[in-house]
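Chemist: Task: produce atomic coordinates for the following.
(one chain, ligands or ions: 1)
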Amino acid sequence: MCGIIAYHGPRNATEIIVKGLKTLEYRGYDSWGVAIKNNDKDFTIKKIVGKITESTDVDGMPKSNIGIGHTRWATHGGVSEKNSHPHLSNSGKIAVVHNGIIENYQEQRDFLIKQGFKFESETDTEIIPNTIEYHMNRGYDFIDAAKRSLNHINGQFAIVVMHSQHNQIVAIRKEAPLVIGVGKKEFFIASDIPAFLDYTKQVIFLEENDLAIIDNEDLSIFNFKENLVVNRKTTSIDWDAEQAKKGDFDHYLMKEISEQADVISKVVSLPAKQIKDIANEIREAQGIFFVACGTSAHSCMNGMYLFSKTAKTHVNFCVASEFEYFTHFLNKKSLVIAISQSGETADTLAAIRVAKERGAKVISIVNVMGSSIMRASHKTILQGAGPEICVLSTKAYTSQIAILSLIAHELAGQQEEGRSKLKELIRYIYYLTSKAMRDHIKELSERLRYTQHIYLIGRGLQHPTALEAALKIKEVSYIHAEAYAGGELKHGTIALIDKGTPCIVFTSDRTEKEIMSNASELKARGAYIIGVGPKNNELFDFYIKVREAEDLNSICQIIPMQILAYQLALLRGCDPDKPRNLAKSVTVK
Ligand code: M6R
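Modeler: The predicted structure is shown next:
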């Protein structure tokens, strides 16, 4: 939620920042802005409402070695130029970009107004440069004033500040992501690594309450909670700059859907020892809870079915935002398994915090190395799915299910069998993303493009598949899609089924009899039935054949649905990579 990029070094900061913002746009695209430090010691500011387009160039913007930029997902204050970042202090000398929420902003704003400060925007951010200025007016230097400001600001935030008459950049992290890219005599600060991956793979993950000062070629880090200067190690990232680009694809969504065979082969090569270790933790725990949000929550639901069937292990599942209402069951023997692509989702982090307060152990499955969830967990399995840029989660989802299936097999004493099953699937996944499949689904998307509602049903493992397929369709094509466990529709929602209502029915050998009887109930009301599964049926008006893969049906059956969502988005003129109102990492509760 909101993307930050800053640069300090010998290259043209403007170019790096604009390019970085284009890469970070998946974090928010209501508006964007940059502040570039001029040689004559003031800033050039550019703020634009809307997405930073491919064509945005830096012509007319000054060349400089220091600058900050921001792409916004609006929280406090509407989408407007004046609410866009960077925000300046009253004197215009301090510029700030911010991701997160300042909880006490109203109080601090009232205080500053009493001191004579004026505010132009409706944002919580504007109090930050002015609080720093307030301290500078009282005689503190820039760095000290920035440090002192933190005593007046509560909330979760990542902040980058610069001053027009100083050569320093200050970066502050408190419960919102911020990484530093370390180049040769240059530094990058960003919300996410892909923003500077073209220039360096050496990164420093700031810890909670770190305040980093970049002063020409020097970097120093001060932890404001511990009140001491700290050393943070530099880590080498194995992501490739090309992985974070669209390559020959028109959209990240289709690129990432197509990468799923490779992603599964990454899971196949996870060390057996690591899977064993996690399975041992599960065996030893008394009370296991899966927590996550959105698509990752659907992975958890898959995990619940997989653990129950394959590993005969009971797990509880709770969406992360509701977890705090169940914590009385947690104790030192409980195990919480948190799943997150970004590793930054605020609700999931909050659930982890509550679990740890109660003494529970936390294991996470995350895709982003060094992320907050990874650092808050006792142990982590890194998904290795590579950067997922599209706001829709696709390859991260199938990789999470593959990992859960490996763990379930290990719990059943069959890790190698689990690995072989995944391996066997890889070639088939290539087929599922092939042109033949895409063309077939195109026919369906043309039939569905003007529809207003789609209902989806599945039983067993096909239930989370139906939920995930509905989420994909909704978030990118804006068609209302609602998913149910097969048996549930007749308990109320069937009232909405009318002549021609599209209903997607996910089948499998194990659930065929029951789900087909649910399909007949829909057909009897005139529904247009789309079957997805191993066997065709006379009830189907449209059929997508997906071969039987038993426990791995969820991986196979979701792929055609991801493609359907993509094609519906294209036909309906929606942006497949940046759906309206959404952001990739949801870093606010
Ligand atoms: O990064 P996370 O996996 O924690 O993100 C959780 C959800 O915000 C995310 O899956 C969201 O639902 C996606 N837009 C789904 O495509």
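
Chemist: dump the residue contacts of the nearest residue to Leu382 once chain neighbours are set aside.
Modeler: Nearest-residue entry for Leu382: Met369, 5.9 Å, with adjacent residues in sequence omitted and distances by CB to CB, 6 or more residues apart in numbering. From N, CA and C alone the C-beta is placed, and that goes for glycine too. By CB atoms under 8 Å, 6 or more residues apart in numbering, the contact set of Met369 is Thr235, Ile237, Leu382.

Chemist: ok, what's across the strand from the last one?
Modeler: Partner residues in beta bridges with Leu382: Val366, with DSSP bridges as the criterion.

Chemist: Look at it and say how many residues are nearby.
Modeler: Neighbours of Leu382 under the rule other CB atoms under 10 Å: 20.

Chemist: How about the second one?
Modeler: Counted with other CB under 10 Å, residues neighbouring Ile237 total 16.

Chemist: per-residue pLDDT, it?
Modeler: Listed pLDDT for Ile237 reads 88.

Chemist: Could you do Ser55 as well?
Modeler: Looking at Ser55, its pLDDT is 64.

Chemist: Which pLDDT does the model give the residue of the chain found nearest the ligand?
Modeler: Relative to the ligand, the nearest point of the chain is Gly294 (2.0 Å; CB to the nearest ligand atom). pLDDT for Gly294: 97.

Chemist: what about the helices in the stretch 301-450 of the chain?
Modeler: 346-357, 372-376, 395-411, 415-432, 435-448 (DSSP state H, counting those that start in this stretch).

Chemist: Serialize these to TSV and add fields for mean pLDDT and mean neighbour count.
Modeler: As requested, the helices of the stretch 301-450 of the chain are exported to TSV (pLDDT from 0 to 100; neighbours: other CB atoms under 10 Å):
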stretch	mean pLDDT	mean neighbour count
helix 346-357	95	21
helix 372-376	93	22
helix 395-411	98	27
helix 415-432	96	17
helix 435-448	97	16
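
Chemist: If you count neighbours, what's buried in stretch 226-240?
Modeler: Under the neighbour-count criterion of 16 or more other CB atoms under 10 Å, stretch 226-240 has Arg232, Ile237, Trp239 buried.

Chemist: Include secondary structure and distance to the ligand when you put these into JSON lines, please.
Modeler: Formatted as JSON lines, those follow (DSSP: H, G, I helix; E, B strand; the rest coil; distance: CB to the nearest ligand atom, whole Å):
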{"residue": "Arg232", "secondary structure": "coil", "distance to the ligand": "23"}
{"residue": "Ile237", "secondary structure": "coil", "distance to the ligand": "18"}
{"residue": "Trp239", "secondary structure": "coil", "distance to the ligand": "16"}
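
Chemist: Show me which of these is closest to Ala466.
Modeler: Comparing these against Ala466 with CB to CB places Trp239 closest, at 32.6 Å.

Chemist: Please report how far that closest one lies from Ser371.
Modeler: According to CB to CB, to the nearest Å, Trp239 stands 13 Å off from Ser371.

Chemist: next one: Val588
Modeler: Distance of Val588 to Ser371, computed by CB to CB: 16 Å.

Chemist: So these two - more neighbours on which side?
Modeler: Ser371 (27 against 18).

Chemist: Look up phi and psi at the closest residue to the more buried one other than its chain neighbours.
Modeler: Excluding the flanking residues, the one nearest Ser371 by CB to CB, 6+ apart is Gly343, at 2.4 Å. Phi and psi for Gly343, reported as degrees, to the nearest 10, are phi 70, psi 10.

Chemist: okay but Gly343 is in contact with Ala376, surely?
Modeler: No. Contact status for Gly343 versus Ala376: not in contact, 9.0 Å apart, counting by CB atoms under 8 Å.

Chemist: okay, and the common contacts of these two?
Modeler: Common neighbours of Gly343 and Ala376, counting by CB under 8 Å, 6+ apart, are Ser364.

Chemist: follow-up on the earlier one: for the residue nearest to Ser371, give me its contacts.
Modeler: When contacts are counted by CB under 8 Å, 6+ apart, Gly343 touches Ser364, Val366, Asn367, Val368, Gly370, Ser371, Ser372, Ile373, Met374.

Chemist: What score does the residue sitting furthest away from the middle of the chain have for pLDDT?
Modeler: Distance to the chain centre peaks in the chain at Gly139, reaching 41.7 Å (criterion: CA atoms, centre = their mean). On the pLDDT scale, Gly139 is placed at 97.

Chemist: Could you count how many residues lie near Ile213?
Modeler: Look at Ile213: counted by other CB under 10 Å, it has 18 neighbours.

Chemist: Contacts only, for it.
Modeler: Ile213 neighbours (CB under 8 Å, 6+ apart): Ile143, Gln168, Ile169, Val170, Leu219, Ser220, Ile221, Phe222.

Chemist: Let me have the residues you listed in JSON lines, extended by distance to Tyr431.
Modeler: Listed next are the contacts of Ile213 as JSON lines, based on distance: CB to CB, whole Å:
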{"residue": "Ile143", "distance to Tyr431": "58"}
{"residue": "Gln168", "distance to Tyr431": "55"}
{"residue": "Ile169", "distance to Tyr431": "49"}
{"residue": "Val170", "distance to Tyr431": "52"}
{"residue": "Leu219", "distance to Tyr431": "49"}
{"residue": "Ser220", "distance to Tyr431": "54"}
{"residue": "Ile221", "distance to Tyr431": "49"}
{"residue": "Phe222", "distance to Tyr431": "54"}
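
Chemist: quick one: which of these is most hemmed in?
Modeler: Counting neighbours by other CB under 10 Å, Val170 leads the contacts of Ile213 with 27 neighbours.

Chemist: May I ask you to confirm that it belongs to a strand?
Modeler: Yes. Counting by DSSP: H, G, I helix; E, B strand; the rest coil, Val170 is part of a strand.

Chemist: wait, doesn't it sit right on Leu150?
Modeler: No. Using CB under 8 Å, Val170 makes no contact with Leu150, being 10.5 Å away.

Chemist: what is in contact with those two at once?
Modeler: Counting by CB under 8 Å, 6+ apart, the shared contacts of Val170 and Leu150 are Leu211.

Chemist: so where's this structure shaky on pLDDT?
Modeler: Applying pLDDT under 70 to the chain flags the ranges 40, 54-55.

Chemist: how about the residues of it near the ligand?
Modeler: Within the chain, the residues that sit near the ligand (CB under 6 Å from any ligand atom) are 293-296, 340-342, 345, 348, 391-393, 471, 475, 582, 585-586.

Chemist: Please pick the buried ones from those residues.
Modeler: 293-296, 340-342, 345, 348, 391-393, 471, 475, 582, 585-586.

Chemist: wait, Pro560 sits on Tyr543?
Modeler: No. Counting by CB under 8 Å, Pro560 does not reach Tyr543; the two are 10.9 Å apart.

Chemist: ok, residues contacting stretch 380-387?
Modeler: Counting by CB under 8 Å, 6+ apart, 193-194, 197, 239-240, 243-244, 259, 263, 266-267, 270, 274-275, 278, 341, 363-367, 369, 373-374, 395-396, 399-400, 403 sit against stretch 380-387.

Chemist: surely Gly546 meets Ile429?
Modeler: One thing to correct before we go on: residue 546 is Val, not Gly. No. Using CB under 8 Å, Val546 is not in contact with Ile429; the gap is 10.7 Å.

Chemist: Next, show the common contact partners of these two.
Modeler: Applying CB under 8 Å, 6+ apart, one finds that Val546 and Ile429 are jointly contacted by Cys556, Ile559.

Chemist: for Gly28, what are its contacts?
Modeler: Shown in contact with Gly28 (CB under 8 Å, 6+ apart): Met1, Cys2, Gly3, Thr71, Arg72, Trp73, Ala74, Ala583.

Chemist: meant to ask about Val230
Modeler: When contacts are counted by CB under 8 Å, 6+ apart, Val230 touches Glu207, Asp210, Ile221, Phe222, Asn223.

Chemist: where along the stretch 101-250 of the chain do the helices fall?
Modeler: Along the stretch 101-250 of the chain, counting by DSSP H, counting those that start in this stretch, helices occupy 105-114, 127-137, 142-149.

Chemist: most packed of the ones you listed?
Modeler: The densest packing among these, expressed as mean neighbour count by mean count of other CB atoms under 10 Å, is seen in helix 127-137 with a mean of 24.
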